[in-house]
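Q: Give me a model of this one.
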Amino acid sequence: MTATDYVETLASVYVQADAQARKAAIQDQIAQIGAEMIGKLLQTQTFSRKLII
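A: Numbering: from 1, shown residues only. The predicted model follows:
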């Protein structure tokens, strides 16, 4: 393995790890937004039930 091969391999591993980290961060944000939306929906339903009763 030449020095160039070594550097290219390292760069490839780094790029893949970075992409996976970004994907995980985006998935966390989507989960957070989903949880907030569900919470707001539940609050709205509870509120509308109180109005009906």
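Q: what's the average pLDDT for stretch 44-53?
A: The average pLDDT within stretch 44-53 is 68.
Q: Pull the contacting residues for residue 36.
A: Residue 36 is in contact with no residue at all, counting by C-beta atoms under 8 Å, 6 or more residues apart in numbering. The way it works is simple: take the backbone N, C-alpha and C, and place the C-beta from them, glycine included.
Q: quick one: which helix or strand includes it?
A: In the assignment (DSSP states H and E), residue 36 maps to helix 3-52.
Q: Give me the neighbour count for residue 30.
A: 10 (other C-beta atoms under 10 Å).
Q: what's the distance between it and residue 19?
A: 16 Å (C-beta to C-beta, to the nearest Å).
Q: Please apply the same query to residue 40.
A: For residue 40 relative to residue 19 (C-beta to C-beta), the value is 32 Å.
Q: got it, and residue 34?
A: 22 Å.
Q: and what of residue 42?
A: 35 Å.
Q: Then residue 28?
A: 15 Å.
Q: Check residue 2 too.
A: To residue 19, residue 2 is 26 Å away according to C-beta to C-beta.
Q: what about the two, which has more around it?
A: residue 19 (10 against 7).
Q: So for that one, what's the pLDDT?
A: 94.
Q: burial of residue 43, as a residue count?
A: For residue 43, the tally of surrounding residues (other C-beta under 10 Å) stands at 10.
Q: if I look at it, how far off is residue 32?
A: Applying C-beta to C-beta, the value for residue 43 to residue 32 is 17 Å.
Q: do the same with residue 13
A: In terms of C-beta to C-beta, residue 13 sits 29 Å off from residue 32.
Q: Same check on residue 10?
A: 33 Å.
Q: Now do the same contact list for the residue nearest to the spatial centre of the chain.
A: Central residue of the chain (C-alpha atoms, centre = their mean): residue 27, 1.7 Å from the mean position. By C-beta under 8 Å, 6+ apart, the contact set of residue 27 is empty.
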